[in-house]
Every structure is written in C-alpha cells, then in structure tokens.
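Peer 1: Below are the sequence and a predicted model; questions follow.
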Amino acid sequence: MKYILIWVAILLLSVIAIPLCYNALFTGNGDMDDGSKIHSTIDVYFASEDKVKSMDTDEYILGVIAAEMPASFEIEALKAQAVAARTYTIEKVLSGSDKSHENGADICTDYTHCQAYITIDEAKKKWGKNASSLLKKCKKAVSDTQNIVALYDSEPIKAVFHAYSPGRTEDATDVWGGSVSYLKSVESPGDLKVPDYASEVRVPLDEFKEKLRKEYNVDFSEKILGKSAKTQGGAVETIEIGNRRLKGTDIRKLFNLKSACFEAVPCEEYILFKVRGYGHGVGMSQYGANYYAKEGYTYDEILKKYYTGIELGYLSDIKE
C-alpha cells in the first residue's frame, strides 16, 4: 500500500509539473526569453506628416519590408530583410542617434535618412491584385523572424543595405570613413544578373562644368577629367576633375547617379557616366540576397554572407 501511495504522489506531481515546464519554455515565462516585450513599441517620425507616432515594432518592420524590398522576392530574402530592418531599428533606438532630432523619435520614414516605410494600405495599392498573397508573405517574413536581430559582440549591428552592388559590396571605410568590423567588402555574384545592373547618364558639357564650378569651385582651364582611384568594391573613391580631386560619392550625388561605381567618359558635347550597381553598396545587397535565396540559402546564411562575423540572437541577448 505504501508503494502504491508513493507512485500516486509521483504521478500527481508529474501532472502538475509538465504543464508548468511547458509554460515556462513556450510562453516566455522561463529562461528561454526571446525579448518579446523588449522594445515592442517605438516612436516613428512620419516625415510626410511631420508627426511622431508610437507604433508596434513589428508593424513598423512590416511597412519597411513592403517599402524596401519587392514582395515578389523569395521568402528567405524577405526574412533576411526583416532581420536587417529590425536590427537597424533597434540599433537606432539603443544608440539614441535620432533623439538629437527636434522631433525626438527613435527613427523616421525618410529613406535618405533612415529606412523607407509605407502603410499596409499603400502597400496594397502598390501590389494590386496580388496584394493578399504578398501581404501574407511579408507578414510571414516578420513572424518567422520575430525578435531576431543580427549581433556583433552581443550588440545590434548597423544593418545597412542597398539594392545591388557591381558584383562586390563596399567596405564602410571607403564610403563613410571609420572601420566597421562587420561591414567589409564581400562578393555578391547575384548582382551581376540584375537586369538594370548597368545604366548610363549623359550630362551636357556646359551643365557638367557649371555644376562643378558652383559646388566645388573647379577650374577647367587645363583639363576636364583625369585619373580616378577605386575602392575594394570597384566604386570611384576619388577622381580628378579640372584642378580638383573629388570624392566619387560627391559626384554620384551631384549628378544623381545610381551608384559611385562609374566611369566618366568625355565626349564632344557631353560627359557620359557608365554606372554599375544601385545604392551606397555597403552591407546587404537586396537583389544579391534574393539570388542566394534562389540558390537555397536560408536567411541566416544570407545575412552572414553580407555582415562579416555576425551572429543571430534575440532581443534579450543584447548587451545593454
């Protein structure tokens, strides 16, 4: 009888303990905390409205994906974009880099300053008849990577990204100055297959000279174009124009080129810019990510291709 009572007691304890363990493991109440309640809301400055709104972080990430990457891309590429966008956002929040702005928001919707963003209604209009399936796909990319971020030394990285490179991404040092361990120049073979990989811009010679005189006080009395120095990624680091040596990034901005990877060819009546790639070239190539996804790479493998030496973790893993 004594042994029967002992076994009954053990059975009762098991019935009680198993559900408790289950709850601890899968409801976020135990040691396996993914940080689901950390930074669950953020303050976003909507540039077009000149207004700061507090919103759910995942809702914001969904709007970034819809704006930044074609929803027709492979799901693993969209997941990589979700993690990059989330990491970029959280790094902004923790560094307080936007808090100095007069609006005091964590991040903004101006793509030239932070990340692009559109509302779900705007996304549906953009996607047209495929809106339902594409929205479902983007939501899956967010939910399947929920609370996952890219980390370097337990801190969120500056997860910058661009459309596509000329076949090799840029080292952050060559573009913005200052070495960043995980933003190194790496190969991106898929970018060479992008239909708009190469583009051309013709600038009338008079306009070319006038803009450079006005912006950089260039003297063209001796020559128009000289030698250029290239970065690891193949972009123009500096180029001789008239009596000045100017940065390739400045020329890109002045003449609205797709990238700083260009060749400037003097013609009789104009300067021909032969351009390769699209964007600043640092970090993850979005089209390159899609190529890797088509080749069978998972989102974590894609991210590690573009951000050197990183690891993926949860928000709760961040060293604050």
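Peer 2: Here it is on my side, so go on. On a predicted model such as this, the values are computed, not experimentally measured, just so you know.

Peer 1: which stretches of the stretch 101-250 of the chain have low pLDDT?
Peer 2: Counting by pLDDT under 70, the stretch 101-250 of the chain contains low-confidence ranges at 101-102.

Peer 1: Show me the strands in it, by range?
Peer 2: 107-108, 148-152, 155-156, 161-162, 198-204, 225-230, 236-241, 244-247 (DSSP state E, counting those that start in this stretch).

Peer 1: Outline the domain layout of this structure.
Peer 2: Domain assignment of the chain by automatic domain parsing yields the ranges 1-30, 41-150, 161-282.

Peer 1: Minimum distance to Glu301: which of the ones you listed has it?
Peer 2: Taking C-beta to C-beta, domain 41-150 is the member of those nearest to Glu301, at 8.4 Å. Just so you know, the C-beta spots here come from the backbone N, C-alpha and C atoms, and that holds for glycine as well.

Peer 1: what about the closest one, start to end distance?
Peer 2: Terminal residues of domain 41-150 lie 19 Å apart, using C-alpha to C-alpha, to the nearest Å.

Peer 1: How far off centre is that domain?
Peer 2: Centroid separation for domain 41-150 versus its chain: 10 Å, with C-alpha atoms, centre = their mean, to the nearest Å.

Peer 1: is it true that Lys158 touches Leu183?
Peer 2: Yes: look at Lys158 against Leu183 with C-beta atoms under 8 Å: they come within range, at 7.1 Å.

Peer 1: Let me have the domains of the chain in JSON lines, extended by distance to Gly313.
Peer 2: Listed next are the domains of the chain as JSON lines, based on distance: least, C-beta to C-beta, whole Å:
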{"stretch": "domain 1-30", "distance to Gly313": "16"}
{"stretch": "domain 41-150", "distance to Gly313": "6"}
{"stretch": "domain 161-282", "distance to Gly313": "14"}
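
Peer 1: Now render the ones you listed as CSV, adding mean neighbour count.
Peer 2: Shown next, in CSV, are the domains of the chain (neighbours: other C-beta atoms under 10 Å):
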stretch, mean neighbour count
domain 1-30, 10
domain 41-150, 18
domain 161-282, 18
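
Peer 1: Which among these is found nearest to Leu303?
Peer 2: Nearest to Leu303 among these is domain 41-150 (5.3 Å), distances taken as C-beta to C-beta.
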